[in-house]
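**Student:** 3D model of this:
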Amino acid sequence: MYENDQFAFFYLKDIIRPTYFTFARCNMKTSISYNRIWQIAYPIILGSVAQNLINFTDTAFLGRVGEIALGAGALGGLFYLAIIMLGLGFGTGAQIIIARRYGENNLKQIGPVVEHSIYFLLPLALLVFLLMRYGSVYLLENAVASQEVYDETIAFLKYRSFGIFFAFINMVFRSFYVGLAKTKVITYTTIVLAITNIIFDYLLIFGHFGFPEMGIEGAAIASVIAEVVAMLFFITYTYATVRFKDYNLFCFCQLSFARLNRILKVAVPIMMQSFLSLSVWFVFFLFIEKLGESPLAVSNIIRSIFVVLMMPIWGFSTATNTLVSYLLGQNRGEEVMSLIFKIIRLCFLGVLGIVSIGVLFPEFVLGIYTENASLIAMGVPILNVVSIGALFLSIGFIFFNGVSGTGKTNISLTIEIIVLIIYVSYAYAMVYIFKAQIAGVWTTEILYGILLAMFSFVYLKKGNWTTSRV
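**Tutor:** Now for the predicted structure:
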C-alpha cells in the first residue's frame, strides 16, 4: 500500500504541473497572496478541528458502548448530515452573494441577504424537523437490515432532530462572517460547540455525576445542547463586535420575494448538490450495512478519520468560494485561475501532512477509536485507501468550489449529479456484483475525487463564467 501511496503522489504531481503552466501562460497572476488565503482558511480549518471533536467524541464514546451503537451512530449521524445539507447549501449560496457585494463595496445590501436567509431557513427547519422526527421511521424501516441498528438509529434521531433549528441559525451567521472573509469567529464558535458536546457526551452517554445513562440518546441530546450554546455565542459575539448600520443588518425589513428569488437562484443548486452528496454517502453506508455489523462499525471509525483528512479541504474550499466571488465582484476574473492553483498547492500540502500520520501509524490512529483488534485489523487497509482518496479530493474540491464561487451553481449541480451517479453505481457494483472486501468498496472515494477534479477543471477551462452575475 505504501507503494500505491507513492505512486499516487507522483501521479498527482504530473497532472498538476503541466496544467498549472497551461494556465500560467494565459491568466494574470492574482494579487491575493498565500498569506491572505491562509488567513481566511485557517480559522475555518481550526473550526473544523473543533467540529471534528464532536464526531470524534461521539464515535469514541459510542465505540465503548458497543458495535450496535457505533453503527447506529454512523447511520443516524449521516441521515442528520444529509438533511442539514439543505440549510448549509442555502448558506453557501448566501455566502457567495455576500462576498460578491463585499467585493462591489455594496455593504448596505449585505444585511438584507442575511435577513432573507433567516426568513427562508426557519420554515425550512420546521419541515426538516418533521421529516427527521417522524419520517425517518418509514424511510429507514426497510433500508436497515439489522433490527437492533434500526432501533438505535431511530432513538438517536428522535432527539437529534431538535438541533436543526439552532443549526440553521448558526449557518446564517457563518455565511455572514465567511462572506466578509472574517472567519476567526468560526473557530471560536466551534470550539465552544465542541467543548460543550464533549462535556455532555461524557455526562449523558455514561451517566456520570448523577446524570442518567442514556447511551446513544445521550449523544444526540449532547449535540443539541452544543448547537444551542454555539448559537448563543454567535449572537453575543455579533452584538459585541459588529456595527449593524454598516451592513444594514438586522433591521428585519419586509420580505421581498424578488430578493429571496435572487438568493435562491444561487443557493438552490448548492442546496441540492449538498443534499445529494450526503444522501449518496448515506446510501453508501446502507450498502456497507448489508455486509454486516462489523464492516459498518469499522466504516464509522473510518468515517470519523476521513473527516479529519477533509478538514483542510473544507477550509480551503470555503476560502475558494469567497475569494473567487470577491474577485469577480471587483471585475478581476482573469486572476481566478491563478488564485485556484495557489489554493490547491496549500490544500494538497495540508492534506499530505495529515495523511502521512495515518499511513505511518495506522494501528495507533485506529486504536484511538476502538480496542477491538479485529476492527483495527480490518480498518488498516481502508485507512490507506481513504488516504489516497483524500489527496485526490484536495484537488477536486478546490476546482469544484471554484465553479460554485463564480455563481454558476447550476453548472456545479450538474457536475455533482454526474459524478454521484457514477459514484453510487460503482459502489453498488463493488458490494452486490463483485462482492468486494470492505477496503475495495471504499475506493469509491478515490473515484469521486478524480471525477470531481476532471469535470470541474474542464468547465473552468472551457466555460463562460468570467462575467457571471449574482
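**Student:** what's the neighbour count on residue 414?
**Tutor:** Residue 414 has 16 neighbouring residues, counting by other CB atoms under 10 Å. Placement of C-beta: from N, CA and C, glycine included.
**Student:** for residue 321, see how far away it is.
**Tutor:** Separation of residue 414 from residue 321 (CB to CB, to the nearest Å): 18 Å.
**Student:** residue 284 too?
**Tutor:** From residue 284 to residue 321 the distance is 25 Å (CB to CB).
**Student:** same question for residue 170.
**Tutor:** With the distance defined as CB to CB, residue 170 ends up 18 Å from residue 321.
**Student:** run a quick neighbour tally on residue 345.
**Tutor:** So residue 345, with other CB under 10 Å, has 16 neighbours.
**Student:** nope, residue 141 is what I was after
**Tutor:** 11.
**Student:** quick one: it and residue 150 touch, right?
**Tutor:** Yes. Using CB atoms under 8 Å, residue 141 makes contact with residue 150 at a distance of 7.0 Å.
**Student:** give me the three-state assignment for residue 254.
**Tutor:** Following DSSP: H, G, I helix; E, B strand; the rest coil, residue 254 is assigned to coil.
**Student:** which SS state does residue 29 fall under?
**Tutor:** Under three-state DSSP, residue 29 falls in the coil class.
**Student:** quick check: phi and psi on it?
**Tutor:** Dihedral pair for residue 29: phi -70, psi 140, per degrees, to the nearest 10.
**Student:** what does residue 242 give?
**Tutor:** Residue 242 adopts backbone torsions of phi -110, psi 130, taken as degrees, to the nearest 10.
**Student:** the helices in the stretch 151-300 of the chain, which residues?
**Tutor:** 164-179, 184-206, 216-241, 244-247, 257-289, 293-329 (DSSP state H, counting those that start in this stretch).
**Student:** wait, which of the ones you listed is closest to residue 101?
**Tutor:** For residue 101, the closest of the helices of the stretch 151-300 of the chain is helix 293-329, at 7.1 Å, according to CB to CB.
**Student:** tell me the first helix or strand C-terminal of that closest one.
**Tutor:** Sequence order places helix 336-360 as the next helix or strand after helix 293-329, per DSSP states H and E.
**Student:** just checking, what packs against that next one?
**Tutor:** Applying 3 or more CB pairs under 8 Å, 6 or more residues apart in numbering; DSSP states H and E, one finds that helix 336-360 makes contact with helix 2-24, helix 34-65, helix 293-329, helix 373-405, helix 444-462.
**Student:** quick check: mean pLDDT of the third one?
**Tutor:** So the one you mean is helix 293-329. Regarding helix 293-329, the rounded mean pLDDT is 87.
**Student:** what inclination does it have with respect to helix 257-289?
**Tutor:** 150 degrees (axes from the mean of the first three to the mean of the last three CA atoms, to 10 degrees).
**Student:** which helices and strands sit right next to helix 293-329?
**Tutor:** Judged by 3+ CB pairs under 8 Å, 6+ apart, helix 293-329 is in contact with helix 34-65, helix 67-103, helix 164-179, helix 257-289, helix 336-360, helix 362-367, helix 373-405, helix 438-441.
**Student:** how distant is the fourth one from the center of its chain?
**Tutor:** Remark: helix 257-289 is offset 12 Å from the chain centroid, using CA atoms, centre = their mean, to the nearest Å.
**Student:** so it versus helix 373-405, what angle?
**Tutor:** Going by the same axes, to 10 degrees, helix 257-289 makes 160 degrees with helix 373-405.
**Student:** pull out the buried residues from helix 257-289.
**Tutor:** With burial defined by 16 or more other CB atoms under 10 Å, the residues of helix 257-289 counted as buried are 259-260, 262-264, 266-289.
**Student:** what about residue 28, how many residues nearby?
**Tutor:** That count, for residue 28 with other CB under 10 Å as the rule, works out to 13.
**Student:** how many residues are close by the residue nearest to it when sequence neighbours are not counted?
**Tutor:** Counting by CB to CB, 6 or more residues apart in numbering, residue 28 lies nearest to residue 334, which is 4.5 Å off, once chain neighbours are set aside. Neighbourhood size, residue 334 [other CB under 10 Å]: 14.
**Student:** what of residue 421?
**Tutor:** By other CB under 10 Å, the residues close to residue 421 number 12.
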